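Asker: A predicted structure for the sequence below; I have some questions about it.
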Amino acid sequence: MRFTTMRLCGGDALMAISADDLGIDIDIAASRLEGMGCAIKGKDDLVAVFDWNGMETTLYAQGKVMFFPLKDRSLCIKYATELLEKLV
């Protein structure tokens, strides 16, 4: 997977943006996340918000993943890759 990153929330969050639109089914992804022990805080057709590795994490249907708090771009890409490989 290829990503670019974007700093958000005054620098306290990072978003990994997939080069490809992954077309993730959020309901299926949320079910898999719950199976991995993640607490789903909220979701709709386009986005799911959950706790993962001590961070509030937001998954978007297109394949974007936002991590808060996180400031390290390399970790952002690593975490997004790890997470999406389990969901796609």
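Answerer: Nice, thanks for sending it over. Residues are numbered from 1 along each chain as shown.

Asker: okay, and the beta partners of the residue positioned nearest the centre of the chain?
Answerer: For the chain, Val65 is the residue whose C-alpha lies nearest the centre (CA atoms, centre = their mean; 2.8 Å). With DSSP bridges applied, Val65 shows beta-bridge pairing to Ala16, Leu59.

Asker: tell me the spacing between the residue located most distally from the centre of the chain and Ile24.
Answerer: The C-alpha centroid of the chain is most remote from Gly10, which lies 18.5 Å away (CA atoms, centre = their mean). Going from Gly10 to Ile24 by CB to CB, to the nearest Å gives 27 Å. Heads up, the C-betas are built off the backbone N, CA and C, glycines and all.

Asker: show me the contacts for Met15.
Answerer: Thr5, Met6, Leu8, Lys64, Val65, Met66, Phe67, Cys76 (CB atoms under 8 Å, 6 or more residues apart in numbering).

Asker: out of those, which is nearest to Leu83?
Answerer: Val65 (6.1 Å; CB to CB).

Asker: report the buried residues of stretch 7-21.
Answerer: Within stretch 7-21, the residues that count as buried by 16 or more other CB atoms under 10 Å are Ala13, Leu14, Met15, Ala16, Ile17, Ser18.

Asker: tell me how far the nearest residue to Arg7 once chain neighbours are set aside lies from Asp25.
Answerer: For Arg7, ignoring the flanking residues on the chain, the nearest one in space by CB to CB, 6 or more residues apart in numbering is Leu14 at 5.9 Å. Going from Leu14 to Asp25 by CB to CB gives 24 Å.

Asker: thinking again about what came up before, distance of the residue nearest to the centre of the chain from Leu22?
Answerer: 10 Å.
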